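Novice: sequence and predicted structure, then a few things I'm wondering about:
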Amino acid sequence: MDEKLLSVFTKIPTLHTSRLTLRKLTVSDAFDMYDYSKRPEVSRYLLWSPHESQWATRGYLSYLQKQYAKRQFYDWAVTLTDSKKMIGTVGFTAFDIPNNSAEVGYVLSPDYWGKGIAAEALNKIIEFGFDRLDLHRLEARIMTENARSKRVAEKCGFVCEAVMRDKLYVKGEYRTIDIFARINDKNQKY
């Protein structure tokens, strides 16, 4: 992996917005993560299924600590700055080093949908990717039916470039994926 990425993610930096703190996920986030990850509406358009127990969530978060240590995981916990409550995740799901691009992803508790929080968190990741990592292109792969997620991407300056019919076989059915992208335009605000 590119040395710049390795050095940046040796210790995942804490990022701040007006309402949010984006920080490394910890095992102590298990209660808050389970609160939203157990809900079917959260994972409806994602590759994973609802978490079955808080212990499963704790096990997942323990696994992520190992991935962080190997510098193979690039997600932040989305927390409310005032209460410190963890309400979702945002980050990079994959890097394409030769092409100077990355894929982004985000998940948010339904209790906070429709409040601009997902876009606020994603805009911070866009800023980080373009300014700190010098990426040229960011992509978001969104199931066609996921209108909420597509609105977040569009609000953050992403444009739908492609529709990949029946691209993924997820939870027993083929799903069509829309590819959204944003190019690093130094003059565009986040």
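Specialist: Thanks, I have the structure now. Numbering: from 1, shown residues only.
Novice: C-alpha only now, for contacts and for neighbours.
Specialist: Fine.
Novice: where do the strands of this protein begin and end?
Specialist: Assigned strands in the chain, in chain order: 15-16, 20-23, 74-80, 86-96, 101-108, 137-143, 159-170, 173-183 (criterion: DSSP state E).
Novice: among those, which is nearest S49?
Specialist: Smallest distance to S49 across these (CA to CA): 9.9 Å, for strand 159-170.
Novice: could you point out the longest helix in this structure?
Specialist: helix 54-69 (DSSP state H).
Novice: list the contacts of that one.
Specialist: 9-10, 25-31, 33-34, 51, 73-74 (CA atoms under 8 Å, 6 or more residues apart in numbering).
Novice: which of those residues sit farthest apart?
Specialist: T10 and H51 (28.5 Å).
Novice: those two - which one has more neighbours?
Specialist: Remark: of T10 and H51, H51 carries more neighbours, 19 against 14, as counted by other CA atoms under 10 Å.
Novice: my read is that the more buried one contacts S37, right?
Specialist: Yes - contact status for H51 versus S37: in contact at 5.6 Å, counting by CA atoms under 8 Å.
Novice: just give the nearest non-adjacent residue to F73, would you?
Specialist: Q67 (5.4 Å; CA to CA, 6 or more residues apart in numbering).
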